[in-house]
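> Fold the following, please.
(one chain, ligands or ions: 1)
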Amino acid sequence: MLSTTREAAPKIRGGTAMPIENCQWMVTLNGRKGDVPPLDQAGFTAYAKSLPATAVYDRLNRSKLVGRLKRFIIAQSYWRHYEQMATFPSNIIPIGDAVAGFNPVFGQGMSAAAVDAHELKKCLHQRATSSDNLAGLHHDYFNAIQDTVSAAWNGTAIYDMMYDSTQGTRPDDFPQRKAAFLAMQELADADPAIRLKRLLIGNMLEPGSSLYTEEVLEQLQTKMASMAG
Ligand SMILES: Cc1cc2nc3c(=O)[nH]c(=O)nc-3n(C[C@H](O)[C@H](O)[C@H](O)COP(=O)(O)OP(=O)(O)OC[C@H]3O[C@@H](n4cnc5c(N)ncnc54)[C@H](O)[C@@H]3O)c2cc1C
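Coordinates of the predicted model:
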């Protein structure tokens, strides 16, 4: 489990504007470590203006507020390792947020829940076409969702762990992961193809391994070396 507290850390703000029904847009702004978007319209718009890109601010400027601004404070990410339990109750299958809750800034929760459901369907189908009953189904299911949960966790919680005040167990190779993450971020900033690939991976439309071609790995190593020096 991770939990975050307020600290004087780099302020990382972000935002999205997403078209929804009835020609309306859902605008989300996010901050960290106590740097939260205000709930009054003027403050909210000013926060959007402070983002490095202008798309969300431009959208707000062309729109009329139709609802009430709402705030969600999510103080922790968690990954419940049911697969490590010596015994597990029969006839229960945890899905989505019941397995792992990710920082919503990264938009992984619904995708992970959908993949969990898809994997469960495959496990059930496999049982339906064999002579097995449902006994031990949870073992198959927990195995099947490991890669997805792990990919979502490694892409989100690792980022949050870069804040010293974030509590939680960091993997032994955290310094290397952090260096690789920061180097990849720089590569993505400079290369739209890498940016697109990360977006597809982030939305679970492609496996994480699809990014690491020989060429990208070479670029990554060069970038990491130059950042370290
Ligand atoms: C502000 C915010 C923004 C987010 N943005 C994104 C995003 O852009 N992309 C993304 O992929 N994910 C996003 N997420 C995460 C995403 O919403 C969740 O990961 C996802 O909804 C989890 O689905 P779920 O079915 O596991 O749980 P939920 O969607 O929480 O569904 C659980 C349901 O169970 C019901 N329930 C609870 N207790 C009981 C009970 N005792 N009896 C009966 N019913 C009960 C609840 O009312 C609820 O309807 C965001 C989350 C937040 C808070």
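
> Over to Gln146: give its phi and psi.
Gln146 adopts backbone torsions of phi -50, psi -50, taken as degrees, to the nearest 10.

> Just give the nearest non-adjacent residue to it, would you?
Glu83 (7.0 Å; CB to CB, 6 or more residues apart in numbering). In short, each C-beta sits where N, CA and C put it, glycine included.

> roughly how far apart are the one you found and Thr148?
13 Å (CB to CB, to the nearest Å).

> got it, and Asp35?
31 Å.

> which of these two has more neighbours?
Thr148 (22 against 15; other CB atoms under 10 Å).

> follow-up on the earlier one: ok, the residue nearest to Gln146 touching Asp140?
No - with contacts counted by CB atoms under 8 Å, Glu83 stays clear of Asp140, the gap being 10.8 Å.

> And these two? Which one has more around it.
Asp140 (18 against 15).

> A strand includes that one, no?
No - under the criterion used here (DSSP: H, G, I helix; E, B strand; the rest coil), Asp140 is helix, not part of a strand.

> which residue packs closest to it, ignoring adjacent ones?
Cys123 (4.6 Å).

> Check Phe174 too.
Phe174 sits nearest to Met161 (CB to CB, 6+ apart), 6.7 Å away.

> what does the protein put close to the ligand?
72, 95-98, 104, 107-111, 113 (CB under 6 Å from any ligand atom).

> What are the neighbouring residues in contact with the residue nearest to Val105 when sequence neighbours are not counted?
Nearest non-adjacent residue to Val105, counting by CB to CB, 6+ apart: Asn30, 4.9 Å away. Residues near Asn30 by CB atoms under 8 Å, 6 or more residues apart in numbering: 13-15, 37, 104-105.

> does Asn30 have beta-bridge partners, and which?
Gly14 (DSSP bridges).

> Per-residue pLDDT of it, please?
Asn30 carries a pLDDT value of 94.

> ok, now how distant is it from Tyr47?
10 Å.

> can you check Ser131 too?
Taking CB to CB, one finds Ser131 at 59 Å from Tyr47.

> Could you do Pro175 as well?
Taken as CB to CB, the span from Pro175 to Tyr47 is 33 Å.

> More neighbours: the two, which one.
Neighbour totals were compared for Pro175 and Tyr47, and Tyr47 leads with 21 against 10 (other CB under 10 Å).

> For the more buried one, give its distance to the ligand.
16 Å (CB to the nearest ligand atom, to the nearest Å).

> Quick check, that residue in contact with Asp35.
No - counting by CB under 8 Å, Tyr47 does not reach Asp35; the two are 9.1 Å apart.

> pLDDT weak spots in the chain?
For the chain, the stretches with pLDDT under 70 are 1-11.

> 80 instead?
Scanning the chain for pLDDT under 80 picks out the ranges 1-12, 130-132, 158, 229.

> Using the record's assignment, carve it into domains.
2-61, 76-160, 174-228 (automatic domain parsing).

> Need the winner for burial among these.
Counting by mean count of other CB atoms under 10 Å, domain 76-160 has the highest mean neighbour count of those, with a mean of 16.

> related to what we said a few turns ago, which ones are touching the residue nearest to Gln146?
By CB under 8 Å, 6+ apart, the neighbours of Glu83 are 139, 142-143, 146.
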